[in-house]
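Engineer: give the three-dimensional model of this entry:
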Amino acid sequence: MLMVTAPAKELLRTIEIPDEQALRLEPVESGKLGFVAGQPRPDDQVVEESGQEVLRIDGAVSDQLDGHALDRVETREGPRLTITSPNQPEPVG
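Structural biologist: The predicted structure follows:
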């Protein structure tokens, strides 16, 4: 399971998606991951904040990123989300 930090959840809540769809983290082109609006799937990892769903993670992606963390980092261009491995030091903004 991919751990999602509180600051990342806060940023995810600001992303608007169409009704009846969910914000998903899933494979996109060229083997990369991306955030997309899509239909919920039964094998998704569901991430909630204060009782509200903020993200669904594709089941296979969640399995592959087990032990990793999705976190918010501050950059010169503004806040962004990054995935860190358990053996990787904390990201520096």
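Engineer: now do the strands in this protein.
Structural biologist: Using DSSP state E, the strands of the chain run over residues 3-4, 22-27, 33-38, 45-49, 52-57, 69-75, 78-84.
Engineer: name the residue most distant from the centre of this structure?
Structural biologist: Residue farthest from the centre of the chain, counting by CA atoms, centre = their mean, is Arg76 at 20.9 Å.
Engineer: okay, the strands of the chain in a markdown table with distance to Leu12 next?
Structural biologist: Any C-beta I mention is one placed from the backbone N, CA and C, and that applies to glycine too. Shown next, in a markdown table, are those (distance: least, CB to CB, whole Å):
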| stretch | distance to Leu12 |
| --- | --- |
| strand 3-4 | 8 |
| strand 22-27 | 7 |
| strand 33-38 | 8 |
| strand 45-49 | 8 |
| strand 52-57 | 4 |
| strand 69-75 | 9 |
| strand 78-84 | 8 |
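Engineer: export those to CSV and tack on mean neighbour count, distance to Thr14 and mean pLDDT?
Structural biologist: Converted to CSV, the strands of the chain look like this (neighbours: other CB atoms under 10 Å; distance: least, CB to CB, whole Å; pLDDT from 0 to 100):
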stretch, mean neighbour count, distance to Thr14, mean pLDDT
strand 3-4, 20, 14, 94
strand 22-27, 19, 11, 95
strand 33-38, 14, 12, 93
strand 45-49, 15, 11, 93
strand 52-57, 18, 10, 94
strand 69-75, 17, 11, 94
strand 78-84, 14, 9, 92
